[in-house]
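*Asks:* the sequence and its predicted three-dimensional model are supplied below.
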Number of protein chains: 2
Amino acid sequence: MAPPSIPSATPSAAAVTPPAAVEPGRLASVYSELQRSRLDQALPLPSVLRKPFNVVDGPKSSAAGNPEEIEKLFPCLFGQPSASLVAASESSLSSDLKLKIGVVLSGGQAPGGHNVISGVFDYLQDRAKGSALYGFRGGPAGIMKCKYIELTSDYIYPYRNQGGFDMIASGRDKIETPEQFKQAEETALKLDLDGLVVIGGDDSNTNACLLAEYFRSRNLKTRVIGCPKTIDGDLKCKEVPISFGFDTACKIYSEMIGNVMIDARSTGKYYHFVRLMGRAASHITLECALQTHPNVTIIGEEVAAKKQTLKKITNYIADVICQRADLGFNYGVILIPEGLIDFIPEVQQLIAELNEILAHDVVDEGGLWKKKLQSQSLQLFEFLPRAIQEQLLLERDPHGNVQVAKIETEKMLIQMVETELEIRKQEGRYHMHFGGQSHFFGYEGRCGLPTNFDSTYCYALGYGAGALLHSGKTGLISSVGNLSAPVEEWTVGGTALTLLMDVERRHGKFKPVIKKAMVELEGAPFQKFASKRGEWAINNRYISPGPIQFCGPVSNGVNHTLLLELGAQS
Amino acid sequence: MAPPSIPSATPSAAAVTPPAAVEPGRLASVYSELQRSRLDQALPLPSVLRKPFNVVDGPKSSAAGNPEEIEKLFPCLFGQPSASLVAASESSLSSDLKLKIGVVLSGGQAPGGHNVISGVFDYLQDRAKGSALYGFRGGPAGIMKCKYIELTSDYIYPYRNQGGFDMIASGRDKIETPEQFKQAEETALKLDLDGLVVIGGDDSNTNACLLAEYFRSRNLKTRVIGCPKTIDGDLKCKEVPISFGFDTACKIYSEMIGNVMIDARSTGKYYHFVRLMGRAASHITLECALQTHPNVTIIGEEVAAKKQTLKKITNYIADVICQRADLGFNYGVILIPEGLIDFIPEVQQLIAELNEILAHDVVDEGGLWKKKLQSQSLQLFEFLPRAIQEQLLLERDPHGNVQVAKIETEKMLIQMVETELEIRKQEGRYHMHFGGQSHFFGYEGRCGLPTNFDSTYCYALGYGAGALLHSGKTGLISSVGNLSAPVEEWTVGGTALTLLMDVERRHGKFKPVIKKAMVELEGAPFQKFASKRGEWAINNRYISPGPIQFCGPVSNGVNHTLLLELGAQS
């Protein structure tokens, strides 16, 4: 007898048919014990969501930058207030309202997405019975092509508190052109949508706001509410203290880093270079450093701010290795953010020059082509390991450009450090044998079972998004705050998306953007790291967080970054 | 104020001084909450160890093969009985005996090693008060060089239930030459050792038996007891049902695989090729397959038995990908054992020929050298991706040999599958875009916090080893059985190491070996896998075990391999 299959949400012909309801008891054959035990985990709600509440407007809002341009781009929405949920003896929201709401997952996976959807669903069940929730399949493309599924209690159940985005899958398409906005409008009309919840990162929430503006300008009733999702942690502000998924992903990576640290200390002969996901910002690397205390941590934002060169970074790592060698330690752990190369100005310069040269010239064996490089770029090129040189020259994308993303930075650094240490050895400044091991932790962290924090936070984000739509709000991002307090005391509301926006000039036009939150070198998390890294470098202060726990006193911790940013003890 | 440091056990000058006792309360700054919570976790002991017992001999033993040769190699020990601990109203073992016992960790890390040591220590505290326990530092080299530390209650405490081997570190040296045996004897005499516990894999336990034989032949009082350690799971037999560390490592890898599976299903566009540690045998890969249900799993022992070629393996993977494409699925997860290449006869042949050619000939650009390859080897060489060809020709070890271990099998297979699918696409047999992602899970699993099973099993192994030494036994391996029953019912004893031995002919001499336990193609674990893999290939039966739990009902599961081999339900 074939066991029941968890519905696969790949946007393929075979998977479009809605699955039959999955009986909870029959999940045994497709779920692990732990997955099953999480299904029925009841989640606490902030107390404001457990009683009658009203949605109260704050003051008129502005923008993160260039308000006059933002006003031009969002004539209907600019200036609208953010909103808070406030306990009331009786709610002014009608429980007779039957809403039709859509929900979409946009961009890369982050643990907790399913709980946002469960939260929206449960809100509708609790406060607007008879409402319908549609899940658009495969990301924003599902909105444009009107590919959706009605989300029922049975359909949602097997995804409660589970990782992944496989309930309705995600996608990276954007609703950008006038035709695409028109398609979205057609879907909204066809489904008679009262609201849409867009779960995504900075780009997707910008898109959500553009859609809210468009629907409003077209006099559609469809409201749009965003939710802050990204493991990278770079979508946050005062009102939205953290994006969901960051907590779980960092804990999964830190578990692995901690294990590797104990291995390094036990074996005593390897330096482990660990590259961590996070291309645009180094929050993940910083958080993992705070959790595990590695010997060296490179933070991209610091590299950029101090205009550090690859040579400088190499020397810094080699210095730590030499100091440790003098103390008798021939092992260590080094953390590197995925996006490191993008933060190094000289590398950007070299790549720009290479793209230019490779587009027009032949790369001759003799190396005459190198004369076209500026002297600083030539110096850097000669400094790079041969394998990386070849990769830069040979592997290009369809546009003929150098593929920076394909460079395995951790392996490159191992080779450069090895070369540097060889020189120091010959000079008598280093006397051990260097062995490097490379790791990349990425896909392992995007779909883990969400931590208790992410499970609860996401559920509140979704439940709150339902409330905002119920009260007729649009163009807000669901905002749950006061997160260092017990869940009962968390605040719930929505922040005007235009408040988070600035403009960027692209192709001669202003484009609205929610600016990515980078690691602040003056912020508490970096400052704490900076005050400790000297000690971590030389002494062995490794901490191994171990696997995420779901029960017991160790299960409810929150990541250091959030606590430090909220001014709480970490 | 500098926080207290967990003593680092690197065999370096700086780390040799015994650390001051670490007060439990002061561990906060070097331990995670979870690590700390594990420190005081009381472990259950099999009931036979909780009451008075006697050590009872079984029948005369033989050998796994060639008993007459084993008898020649072990004239003192051959034929000695295995022993069992049996409950008694009064124990014949004197509690007044003050023993001096040494302990050593040998080879690669495995979660639980610290608990074996804690078990020996607690046995001595409980049953032979006033005894001393010495930890030899850095593996067998510590015995030869008499580098040791006295293990006290305070010294051991911070390592209880913790991963890693950093309490005294490990090493890969062997005691082989007559001079080395002499050094070991000098240490035994110097420390007046009554016994030695050797914690290691097949090689180390063979070494332990040779040492036991040597000490006995020299009329030393020093007894030697082995303990079965290796995450690879290839040291086991009827009496020793599992080596410690396998359970934890497989659960850590399966957590990661499960996360990657959900990512694959959510994203819908990548095939993840996961290489798993385990060079000699594929137990880890098989166990992880049973835990997670991947689309393709390659088991080295099957490849060898069926004399499969690389081309055949490539086609098998491509077939599954094409079948899935026809069903609309463009994603999947594929598990590969680290040692795959060593299992493929044609690859071994090619490498032998290459070593020969490279030793004597110049590799000319034009490829004339290839004429020296036999036709099957030439065909295989031409079939290999270019990067692998270059690696085979360029990267050699100090002896000039091809470095097989450096080949990243998962990346090689991705390239070969990609090429094969490209051909099928042109023939109209495949119509999707193939994207491969590579992973290697290795170091992450060797030093994790031991599972409840490994913690308890190791503690019993160590406690039992103490009892065996107390009763004067030598040349046995600590054996804890009946593992599918509750801990109280576990059996405890020692198996004659000579019983596990066979001989191998090396350099014209017979050498004793404990034969590695390979995956049995007729055994229950492989049979269960084989009966399911067709369904796992096409349908999506992914299971995500999630992070190891230490409390609650989900925390006490045992790995599938062990349960299936014991005939229990899995």
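*Replies:* Noted; the coordinates are in hand.

*Asks:* ok, residue A:463 to residue A:47 distance?
*Replies:* When distance is defined by Cβ to Cβ, to the nearest Å, residue A:463 is 12 Å away from residue A:47. All C-beta spots, glycine's among them, are computed from the backbone N, C-alpha and C.

*Asks:* next SSE after the longest helix seen in chain A?
*Replies:* Longest helix of chain A, by residue count under DSSP state H: helix A:246-267. Counting by DSSP states H and E, the next helix or strand C-terminal to helix A:246-267 is strand A:271-276.

*Asks:* check which helices and strands that next one is in contact with.
*Replies:* Here strand A:271-276 touches helix A:246-267, helix A:283-292, strand A:332-337, helix A:409-426, strand A:436-441, going by 3 or more Cβ pairs under 8 Å, 6 or more residues apart in numbering or on different chains; DSSP states H and E.

*Asks:* for these, which one sits closest to chain B?
*Replies:* Closest approach to chain B among the helices and strands packed on strand A:271-276 (Cβ to the nearest Cβ): helix A:246-267, 3.6 Å.

*Asks:* between strand A:332-337 and that closest one, find me the angle.
*Replies:* Relative orientation of helix A:246-267 and strand A:332-337, computed by axes from the mean of the first three to the mean of the last three Cα atoms, to 10 degrees: 150 degrees.

*Asks:* higher neighbour count, residue A:463 and residue A:47?
*Replies:* Counted by other Cβ atoms under 10 Å in any protein chain shown, residue A:463 and residue A:47 do not tie: residue A:463 has more neighbours, with 29 against 15.

*Asks:* that one is in contact with residue A:53, isn't it?
*Replies:* No: counting by Cβ atoms under 8 Å, residue A:463 does not reach residue A:53; the two are 11.1 Å apart.

*Asks:* how many other residues sit next to residue A:157?
*Replies:* Neighbours around residue A:157, by other Cβ under 10 Å: 16.

*Asks:* common neighbours of residue A:463 and residue A:53, please.
*Replies:* Common contacts of residue A:463 and residue A:53 (Cβ atoms under 8 Å, 6 or more residues apart in numbering or on different chains): none found.

*Asks:* is chain B contacted by the longest helix of chain A?
*Replies:* Yes: residues of helix A:246-267 contacting chain B under Cβ under 8 Å from any Cβ of the partner chain: A:252, A:255, A:256, A:258, A:259, A:260, A:262, A:263, A:265, A:266, A:267.

*Asks:* tell me the gap between that helix and the middle of its chain.
*Replies:* Here the centre of mass of C-alpha atoms in helix A:246-267, compared against the chain's by Cα atoms, centre = their mean, to the nearest Å, lies 19 Å away.

*Asks:* between it and strand A:271-276, how many degrees?
*Replies:* Angle of helix A:246-267 versus strand A:271-276, following the same axes, to 10 degrees, is 170 degrees.

*Asks:* mean confidence score for helix A:246-267?
*Replies:* Here helix A:246-267 scores 97 as its mean pLDDT.

*Asks:* now swap in stretch A:326-342 and tell me
*Replies:* What stretch A:326-342 shows for mean pLDDT is 95.

*Asks:* that one and chain B in contact?
*Replies:* Yes: using Cβ under 8 Å from any Cβ, stretch A:326-342 reaches chain B at A:327, A:328, A:329, A:330, A:331.

*Asks:* how about the helices and strands packed on strand A:271-276 in a markdown table, adding distance to residue A:145?
*Replies:* Listed next are the helices and strands packed on strand A:271-276 as a markdown table, based on distance: least, Cβ to Cβ, whole Å:
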| stretch | distance to residue A:145 |
| --- | --- |
| helix A:246-267 | 30 |
| helix A:283-292 | 33 |
| strand A:332-337 | 36 |
| helix A:409-426 | 38 |
| strand A:436-441 | 34 |
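
*Asks:* who's in contact with whichever residue of the stretch 351-500 of chain A sits closest to chain B?
*Replies:* In the stretch 351-500 of chain A, the residue that lies nearest chain B is residue A:447 (3.9 Å; Cβ to the nearest Cβ). Contact analysis of residue A:447 by Cβ under 8 Å, 6+ apart lists A:109, A:111, A:163, A:164, A:165, B:259, B:260, B:262, B:263, B:266.

*Asks:* just send the helices and strands packed on strand A:271-276 back as TSV, with distance to residue B:192 and mean neighbour count too.
*Replies:* Conversion of the helices and strands packed on strand A:271-276 to TSV gives the following (distance: least, Cβ to Cβ, whole Å; neighbours: other Cβ atoms under 10 Å in any protein chain shown):
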stretch	distance to residue B:192	mean neighbour count
helix A:246-267	29	29
helix A:283-292	42	28
strand A:332-337	39	26
helix A:409-426	43	18
strand A:436-441	41	21
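
*Asks:* just checking, what packs against the worst-scoring helix or strand of chain A on mean pLDDT?
*Replies:* Least confident element among the helices and strands of chain A, by mean pLDDT, DSSP states H and E: helix A:386-394 (a mean of 83). The contact analysis (3+ Cβ pairs under 8 Å, 6+ apart) places helix A:386-394 against helix A:345-360, helix A:409-426.
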